[in-house]
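K.L.:
I'd like to go over a predicted model; first the sequence, then the structure.
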Amino acid sequence: NAKRKIYNVTVTFGKKGLLEIVVEDEDFDISYIKERDIKEWFQGDEQNGWGGLIHELQKAVSNDGARFEFEIHGSEDVKKEFLKYVEKTDQCTECNGEIVTENCEHDLHIENNEMHNDNEEESDFHKAEEAYNQADYNRAAEYYEKAALCGNLRAQVKSGECYQLGLGVTQDYGKAVEWYLKAAEAGDSQAQLWLGGCYSTGTGVEKNHNKAIEWYKKSAKQGNKEAYKCLVDLYKCGMLTEDDLAEYVVGVAEAGDVEAQIWLGRYYCWKNNTEAIKWYQMAAEQGDIDACKEMGDLYCAGKVGIGDVSELDQNYCEAVKWYEMALKQADEKSVSSDFYGKIFYGLGNCYRWGGNGLEQDYERAVEYYKKAADFGNVDVKYWLGDCYYYGNGVVQDYAKAVDWFRQAADEDDICGLCSMGECYYLGRGVERDIAKAFSYYLEAAGEDGDVVWLPDPLGVWLLGACYMDGDVVTQDYKKAIEWYESGATDY
């Protein structure tokens, strides 16, 4: 009966818990159970769409009558706990396919492939570790290999290391690879990392970057930070795409690596803001100051990525919360002036615009803008000029506005250049000078005067008029018409 087919399932545990579940050579999604107790694996959770391990395995193979033959890799204690919840007959009355015992309607076959005495295996490994720590490599290699032959994954990795480095044995890269491969295929992330290294350098095997990437990916997926770094190096060399790398950074990020979490936050920033917030927040909750700032930037801008991505609602209250959190940590750590400048600039923007539950406060905005300027922030210079130009939060002062606009223009800030053009055209804060106004607008547009978008309709009109009249520049009707048409289209 096809509905009663037996499927092979491999469950692999590591030092920190579940590493992977493989069903008929296909990876099973363990995201729901990875951080949960084994007991919870077999319980249903309707709210999160989890029907219990057996039920979910049956869904994975598209066979609600499936039976499973389990091969379990891990410590004896973990194996016993796993089997305890599988074999509990006193919970059969609650069984809806989640907990399977001999009395349940679902049959279960457990295969516990122990080819040795576990206590003896652990004893050999312990002896090997003691000898290794005492630099008695001959004895260490002997006991590592004894335990390795019994299936101990850690011993297999250490045996590979001994052969690779020639510790207590004759150096033999081929044998090193054999042990790494054995442990790697059983799910050991360190063995997968080192096997990837062997393929990458051609140590003990023929150099093969595709196989190196394959093993690095398996290791990184389990949260191995070093494997993640190797993949990043390959990405920098053009051997991996950013999209491909992202999939395998997740395991390291989920294992708590802040650097990986920040990388994913930046990766998703222009693709999916919900995901970006998720990873930045994980890093921020671990006290990462850059993540706090990035959270503030996202909420302040309500940034929308390129293409079909989720839109993040602008929320100045949330932005202020994260900026202030970053500021508090900055006061406790040694951070650059540039970082302070960016935080104060972000806070100034929040209070300048206001809304979303945050009261608009120009005076407070100017206070933060000035602090940002004191720390050398370039972006804030135009906005301080804007505040003085319109009298927002300060007494209106065109001369001071021009001073800040000029500083922004000197940094090639397009808004600063356009504002200087406006001030010279209208004679505000400076003596009226059409030629200088034209010069600033032309610089904002590009030295050749080609038509580009300008954030200033006055500048668009003035460029067209100057080319039309030919008073301050060589007369050029074609360019004049192009600028006039640009203004008609854009404004």
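P.N.:
Cool, got the structure.
K.L.:
which residues in the stretch 351-491 of the chain form helices?
P.N.:
In the stretch 351-491 of the chain, the segments counted as helices under DSSP state H, counting those that start in this stretch are 362-374, 380-390, 398-410, 414-426, 434-445, 457-469, 477-490.
K.L.:
got the CA coordinates for the first one in PDB?
P.N.:
So the one you mean is helix 362-374. This file holds the C-alpha atoms of helix 362-374, laid out as PDB (Å, rounded to 0.1, in the frame of the first residue of the first chain):
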ATOM      1  CA  TYR A 362      11.500  73.000  15.200                       C
ATOM      2  CA  GLU A 363      13.500  74.300  18.100                       C
ATOM      3  CA  ARG A 364      14.400  70.900  19.200                       C
ATOM      4  CA  ALA A 365      15.200  69.900  15.600                       C
ATOM      5  CA  VAL A 366      17.600  72.900  15.300                       C
ATOM      6  CA  GLU A 367      19.200  71.900  18.600                       C
ATOM      7  CA  TYR A 368      19.900  68.400  17.300                       C
ATOM      8  CA  TYR A 369      21.000  69.700  13.800                       C
ATOM      9  CA  LYS A 370      23.600  72.000  15.500                       C
ATOM     10  CA  LYS A 371      24.900  69.100  17.500                       C
ATOM     11  CA  ALA A 372      25.200  67.100  14.300                       C
ATOM     12  CA  ALA A 373      27.000  69.900  12.600                       C
ATOM     13  CA  ASP A 374      29.400  70.100  15.600                       C
END
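K.L.:
Starting from residue 333, give me the distance back to the closest residue to residue 297 other than its chain neighbours.
P.N.:
Residue nearest to residue 297 in three dimensions, not counting chain neighbours: residue 346, with 6.2 Å by Cβ to Cβ, 6 or more residues apart in numbering. C-beta coordinates here come from the backbone N, C-alpha and C atoms, glycine included. Using Cβ to Cβ, to the nearest Å, residue 346 is found at 18 Å from residue 333.
K.L.:
Looking at those two, which is more packed in?
P.N.:
Neighbour comparison, residue 346 and residue 333: the larger count goes to residue 346, with 26 against 10 (by other Cβ atoms under 10 Å).
K.L.:
now the helix or strand containing the more buried one: mean pLDDT?
P.N.:
Using DSSP states H and E, residue 346 sits within helix 337-353. Averaged over helix 337-353, pLDDT sits at 95.
K.L.:
so what secondary structure elements neighbour that helix?
P.N.:
Helix 337-353 makes packing contacts with helix 289-301, helix 316-332, helix 362-374, helix 380-390 when contacts are defined by 3 or more Cβ pairs under 8 Å, 6 or more residues apart in numbering; DSSP states H and E.
K.L.:
now it and helix 289-301, what's the angle there?
P.N.:
20 degrees (axes from the mean of the first three to the mean of the last three Cα atoms, to 10 degrees).
K.L.:
Flag every buried residue along helix 337-353.
P.N.:
339-352 (16 or more other Cβ atoms under 10 Å).
K.L.:
Stretch 72-82 too?
P.N.:
Buried residues in stretch 72-82 (16+ other Cβ under 10 Å): 72, 73, 74, 78, 79, 81, 82.
K.L.:
element containing the fifth one?
P.N.:
In this assignment (DSSP H and E), residue 79 forms part of helix 76-87.
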